[in-house]
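**Q** how does the following fold in three dimensions:
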Amino acid sequence: MIGYVRTDNGIAAMITDNRNNDHSIETFINDRVAKWKTGTACHVPVITISTEPGSGGHVIAKIVAEQLNLALYDRDIIRKIADSAHASEAVIASMEQERLSAVEDFISALMDDQYLYRGIYLNHLVKVVSAIASHGKAIIVGRGGNFILPADRCLRIRVIAPMEKRIANVVRKFGVTEEEARQRITHREKARNSFIRQAFNHDARNPQHYDLVLNTGNLTIDECVGGIVGTVVGKKDQS
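**A** Now for the predicted structure:
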């Protein structure tokens, strides 16, 4: 799978699955950390987007990132950063020590309450997502971002669609049969929901975990993008 990240010069950088992926991730992170060091304070909230497979959430995230000039971190990029010790260390080191201490307390509390299953990956994941969010101007897709970040520090979006709509989207995008599309959606949805349940003891489908739920069965992609952008602008005006 390909991960897209909008860079400061307006070009979408791509990170693909290949043998040089660790090097690509570390190169990307070094570039981002350098930009963070020279960046200015940002009043645009971090956006987390949780998507049902096949709902069009990734397309929406990419367009919103382009319109608001935000860096886009999809679930694969986040996973690869958390998997890479060097990349994780670089991202985590970019976070202010005071904020890092608060994140470590958060991780400890989750583990004590058995909300977060133990493991180096989850520890890295929480710190990586928190570090990215601390710099602002970012969209984080998947990996439980809305459960990691405080509700008052992000805009939490959920993108859904009826199964028939999602099947049609997958058939059109990947050229598979309807049955293959259904199986692919069911498998990925089960895996994602299981991850959220095991990691954070929450149901990803519960609308109470989101500020805005968009149904692409009733709304076009452009309407969904407009809803997110309008909400961000509204929040910015209120700050």
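
**Q** the biggest helix by length in the chain packs against which elements?
**A** The longest helix of the chain (DSSP state H) is helix 178-200. Helix 178-200 is packed against helix 145-148, helix 163-174, with contacts defined by 3 or more CB pairs under 8 Å, 6 or more residues apart in numbering; DSSP states H and E. The C-beta positions use only the backbone N, C-alpha and C, and glycine is treated the same way.

**Q** and those helices as CSV, adding mean neighbour count and mean pLDDT?
**A** Formatted as CSV, the entries for these read as follows, by neighbours: other CB atoms under 10 Å; pLDDT from 0 to 100:
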stretch, mean neighbour count, mean pLDDT
helix 145-148, 25, 90
helix 163-174, 16, 96
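
**Q** could I get the ones you listed as CSV with distance to residue 154?
**A** Below are the helices and strands packed on helix 178-200 laid out as CSV (distance: least, CB to CB, whole Å):
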stretch, distance to residue 154
helix 145-148, 7
helix 163-174, 25
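
**Q** picking that back up, helix 163-174 and the longest helix of the chain, what's the angle between them?
**A** Put simply, helix 178-200 runs at 110 degrees to helix 163-174, going by axes from the mean of the first three to the mean of the last three CA atoms, to 10 degrees.

**Q** buried residues of helix 178-200, list them for me.
**A** 181, 182, 184, 185, 189, 192, 195, 196, 199, 200 (16 or more other CB atoms under 10 Å).

**Q** cool, stretch 198-211 as well?
**A** Neighbour-count burial for stretch 198-211, counted by 16+ other CB under 10 Å, picks out 199, 200, 202, 204, 209, 210, 211.

**Q** that older thread, any chance of the buried residues of helix 178-200 in TSV, plus pLDDT and distance to residue 57?
**A** Below are the buried residues of helix 178-200 laid out as TSV (pLDDT from 0 to 100; distance: CB to CB, whole Å):
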residue	pLDDT	distance to residue 57
181	97	16
182	97	18
184	95	15
185	96	13
189	94	12
192	90	11
195	85	16
196	89	15
199	81	19
200	85	19
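
**Q** out of these, which is nearest to residue 66?
**A** Proximity of those to residue 66 (CB to CB) peaks at residue 192, which lies at 24.8 Å.

**Q** on the three-state scheme, residue 66 is what?
**A** Using DSSP: H, G, I helix; E, B strand; the rest coil, the structure places residue 66 in helix.

**Q** could I get the pLDDT score of it?
**A** Per-residue pLDDT puts residue 66 at 93.

**Q** residue 73 now?
**A** On the pLDDT scale, residue 73 gets 86.

**Q** and it, its phi and psi?
**A** phi -110, psi 110 (degrees, to the nearest 10).

**Q** what does residue 51 give?
**A** Main-chain dihedrals, residue 51, degrees, to the nearest 10: phi -130, psi 140.
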